[in-house]
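Asks: sequence-free structure coming up:
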């Protein structure tokens, strides 16, 4: 991990200070699952582990702190008062500006772990899926989805995206454009394989 971040000790201290214990445990679970999936699919396991571990470093910010970072980093206004979407974008910017992470593949994996995006890389897809299926999650389909991810990453990714879109619809919330484009990208890739 030292090749990704030269300030890992400071980053770890920052993460432990910012995250609630349950979110920290979740992050360790994502690190483990992302590393496992990377090994299965031939992605860089160090990058997957790093992105998985630090993907949520901004998750527990108050709205005021998050809005301050959104403005500081010049992110689009749609992220103001929108912690669920903003935290991934802010986390990537913090990793880059405050901790010197320059690996764009890692930064993109952190940036897109909530929504996905069109043309997402293998590493991005791994972290996106790992976030949803790490061992500390608790929902009926978890074990089946973990098994599917180990043999059909695209299929697991599509299931997660469909579930996310269904939940947003039930709550009357408009899905992020990145998620819609990511779903189309994964759907096209599955069709092209068939």
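Replies: Noted; the coordinates are in hand. Just so it is clear, the model here is predicted, and its values are computed rather than measured. Residues are numbered from 1 along each chain as shown.
Asks: Give me the secondary structure label for the spatially most central residue of the chain.
Replies: Residue closest to the average C-alpha location in the chain (Cα atoms, centre = their mean): residue 113, at 2.1 Å. Per DSSP: H, G, I helix; E, B strand; the rest coil, the local secondary structure of residue 113 is coil.
Asks: Would you check that it makes contact with residue 127?
Replies: Yes - applying Cβ atoms under 8 Å, one finds residue 113 in contact with residue 127, separated by 5.0 Å. Heads up, the C-betas are built off the backbone N, CA and C, glycines and all.
Asks: Need the residues touching each of these two.
Replies: 51, 55 (Cβ atoms under 8 Å, 6 or more residues apart in numbering).
Asks: Which residues are in contact with the residue nearest to the centre of the chain?
Replies: Counting by Cβ under 8 Å, 6+ apart, residue 113 touches 51, 55, 88, 124, 127, 128, 131.
Asks: so of those, which ones are in helices?
Replies: 51, 88, 124, 127, 128, 131 (DSSP state H).
Asks: Report the contact partners of the first one.
Replies: Neighbouring residues of residue 51 by Cβ under 8 Å, 6+ apart: 34, 106, 109, 110, 113, 123, 127.
Asks: Please point out which parts of stretch 36-45 sit buried.
Replies: 36, 37, 38, 43, 44, 45 (16 or more other Cβ atoms under 10 Å).
Asks: Name the SS class of residue 57, please.
Replies: Residue 57 - assigned by three-state DSSP - is coil.
Asks: Count the residues that sit near it.
Replies: 26 (other Cβ atoms under 10 Å).
Asks: Also the one 3 residues further on?
Replies: Other residues within reach of residue 60, judged by other Cβ under 10 Å, total 17.
Asks: hang on, the earlier thing: farthest-separated two in the buried residues of stretch 36-45?
Replies: Using Cβ to Cβ, the pair of the buried residues of stretch 36-45 lying farthest apart is 36 and 44, separated by 13.3 Å.
Asks: Kindly list the longest helix within this structure.
Replies: Using DSSP H to define each element, the chain has its longest helix at helix 21-41.
Asks: which residues make contact with that helix from outside it?
Replies: For helix 21-41, contacts defined as Cβ under 8 Å, 6+ apart pick out 15-16, 19, 43-45, 47-56, 59-60, 122-123, 126-127, 129-131, 133-137, 146, 149-150, 153.
Asks: from the chain's centre, how far out does it sit?
Replies: 11 Å (Cα atoms, centre = their mean, to the nearest Å).
Asks: and it, which residues are buried?
Replies: Neighbour-count burial for helix 21-41 flags 24, 26-27, 29-38 (criterion: 16+ other Cβ under 10 Å).
Asks: Tabulate the residues you listed (CSV), appending pLDDT and distance to residue 165.
Replies: Output for the buried residues of helix 21-41, formatted as CSV (pLDDT from 0 to 100; distance: Cβ to Cβ, whole Å):
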residue, pLDDT, distance to residue 165
24, 96, 28
26, 97, 22
27, 97, 25
29, 98, 24
30, 98, 21
31, 98, 26
32, 98, 27
33, 98, 22
34, 98, 23
35, 98, 28
36, 98, 26
37, 98, 22
38, 98, 26
